[in-house]
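> Quick one, structure for this:
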Amino acid sequence: MKNSISSVLLLLFLALSNNCFADADPPETDVIPKDSSLFERWFDSFVDIHDRTSHHYMSMVHSIDAYFSGEKIEEASNGSYVKLELNNTFYKNGVQDDGISIDAKVELPNTEKNLKLFFSSDPEEEKSLEQKIKNNATGQRIQKESSVAGIEYNPEKTESNWNHSFSTGVKIRVSPVPFMRYKFGNEWQLNPNWTSQFKQSFWNYQDEGLGATTKLNFSMPLSEVRTFKAETEAEYRDKDNKYYYAQTFSDIHRISDISAIRYWIAVLGESQPTSEVSSYLVGTQYRRSLYRDWILFSVSPILAFPREEHWEATPSLTLDLQVYFTE
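Below is the predicted model of the structure:
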């Protein structure tokens, strides 16, 4: 499995490396040059399969929505999708890790409660705060221990623009584990330059106990193609009886309409046994759309300096491919 995933990701990387920076703004549907090579023919066949699969999936979504709403509805666009993800992370001394995951969401906008069905092989609550920071930086969102499925209710936004969501479901195991989750958040334009975003999440897994995550972001444009972002995150896990903290600073540079590069640094800490810094991270992520917004590829080198390794540099390189089946 490792060799097959590595081969696919490296093939994409090498095939694109010659033209990643050649065209600042290539046509949306013609990212890869059209020639007679085996790779281009394979990619065209893959895109055709992707489009047909997306059409069948969205037709099924509209049928489910019509069934629960009791009405014949127009096949209007909604946020339903299936996401397939493959990645490979290479560490020093030849060690590597790979994974495949599937996430799915079925939005039912015409039902009385505006419900969503979801499935994820990568639940956020299963990852440590450090894993989340690294995953956000690499695009990698794969957790191999368990999957979750359930239903989500999203009431209408309030006049003050607060959004809320309530979720319940099960962690899929031999003996299903029930869970509940509540999220709310808001976004503010502080002045012509600064934007702030707040997100809060509470959850309770029967096998993990209570937990909570708080996120506060500030961002501002540095130029027409660059954005600065500061992210503060704190997390509490009842099973560990301690808090986890992270502070991240990012400089995001848009290279073209289909590619961008992000430079970032992060500091992580814990509250127990004493409040202290646990790790420093520095990294870069190059992200590129291979086909519209449906097929995304990223390359992410990271240097970690963990306290438990006496601050010795620990390098890694992650290749990540995300394929969305949607409208």
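> and the lengthiest helix in the chain, average pLDDT?
Using DSSP state H to define each element, the chain has its longest helix at helix 38-69. Helix 38-69 shows a mean pLDDT of 75.
> Number of residues surrounding the closest residue to residue 275 other than its chain neighbours?
Excluding its sequence neighbours, the residue lying closest to residue 275 (CB to CB, 6 or more residues apart in numbering) is residue 269, at 6.8 Å. Quick note: C-beta positions are derived from backbone N, CA and C, even for glycine. A count of nearby residues for residue 269, using other CB atoms under 10 Å, gives 17.
> cool, and residue 293?
Using other CB under 10 Å, residue 293 is surrounded by 10 other residues.
> who are the neighbours in contact with residue 238?
208-211 (CB atoms under 8 Å, 6 or more residues apart in numbering).
> What's the separation between it and residue 202?
11 Å (CB to CB, to the nearest Å).
> Find the residues that touch each one of these two.
Here residue 238 and residue 202 have 210-211 as joint contacts, going by CB under 8 Å, 6+ apart.
> Buried only: go through the contacts of residue 238 for me.
For the contacts of residue 238, a burial check counting by 16 or more other CB atoms under 10 Å picks out 208, 211.
> Could you tell me which of the contacts of residue 238 belong to helices?
Of those, none are assigned to helices by DSSP H.
> so which two of the contacts of residue 238 are the farthest from each other?
208 and 210 (8.3 Å; CB to CB).
> how much space is there between the residue nearest to residue 96 when sequence neighbours are not counted and residue 101?
Distances taken as CB to CB, 6+ apart put residue 90 closest to residue 96, at 4.8 Å, once the chain neighbours are dropped. Distance of residue 90 to residue 101, computed by CB to CB: 19 Å.
> So these two - more neighbours on which side?
More neighbours surround residue 101 than the other of residue 90 and residue 101, with 19 against 16 (other CB under 10 Å).
> and that one, what are its bridge partners?
Beta-bridge partners recorded for residue 101 (DSSP bridges): residue 85.
> For it, give its distance to residue 197.
Residue 101 sits 26 Å away from residue 197, going by CB to CB.
> for residue 240, helix, strand, or coil?
coil (DSSP: H, G, I helix; E, B strand; the rest coil).
> so how many other residues sit close to residue 304?
Neighbours of residue 304 (other CB under 10 Å): 20.
> List the residues that contact the nearest residue to it once chain neighbours are set aside.
In space, and not counting its chain neighbours, residue 304 is closest to residue 314: 4.5 Å by CB to CB, 6+ apart. When contacts are counted by CB under 8 Å, 6+ apart, residue 314 touches 91-92, 303-306.
> go again using 10 Å as the cut-off
Residues near residue 314 by CB atoms under 10 Å, 6 or more residues apart in numbering: 91-92, 279, 281, 302-306.
> try residue 305
By CB under 10 Å, 6+ apart, the residues touching residue 305 are 277, 279-282, 311-314.
> Turn the residues you listed into JSON lines, including pLDDT.
Output for those, formatted as JSON lines (pLDDT from 0 to 100):
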{"residue": "277", "pLDDT": "93"}
{"residue": "279", "pLDDT": "93"}
{"residue": "280", "pLDDT": "95"}
{"residue": "281", "pLDDT": "95"}
{"residue": "282", "pLDDT": "96"}
{"residue": "311", "pLDDT": "93"}
{"residue": "312", "pLDDT": "92"}
{"residue": "313", "pLDDT": "92"}
{"residue": "314", "pLDDT": "90"}
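> quick one on the thing from earlier: so where does the residue nearest to residue 96 fall, helix or strand?
If you go by DSSP states H and E, residue 90 is part of strand 81-91.
> Residue 132 too?
Going by DSSP H and E, residue 132 is part of helix 129-138.
> Show the low-confidence segments of this structure, by residue range.
Where the chain drops to pLDDT under 70, the residues are 1-37, 39, 65-78, 109-114, 122, 124-128, 134-146, 158.
> where do the strands sit along it?
Ranges of strands in the chain, per DSSP state E, are 81-91, 96-108, 115-120, 147-153, 163-172, 177-189, 195-205, 209-221, 226-237, 242-256, 259-270, 276-291, 295-306, 314-325.
> Can you lay out the ones you listed as TSV showing distance to residue 132?
Converted to TSV, the strands of the chain look like this (distance: least, CB to CB, whole Å):
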stretch	distance to residue 132
strand 81-91	15
strand 96-108	15
strand 115-120	14
strand 147-153	16
strand 163-172	18
strand 177-189	15
strand 195-205	12
strand 209-221	9
strand 226-237	8
strand 242-256	8
strand 259-270	10
strand 276-291	12
strand 295-306	14
strand 314-325	14
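> Can you tell me which of these is nearest to residue 61?
strand 96-108 (5.4 Å).
> what packs against that closest one?
Applying 3 or more CB pairs under 10 Å, 6 or more residues apart in numbering; DSSP states H and E, one finds that strand 96-108 contacts helix 2-17, helix 38-69, strand 81-91, strand 115-120, strand 147-153, strand 314-325.
> quick revisit: and the contacts of residue 314 as TSV, adding distance to residue 108?
Below are those laid out as TSV (distance: CB to CB, whole Å):
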residue	distance to residue 108
91	42
92	47
279	41
281	39
302	39
303	44
304	42
305	46
306	44
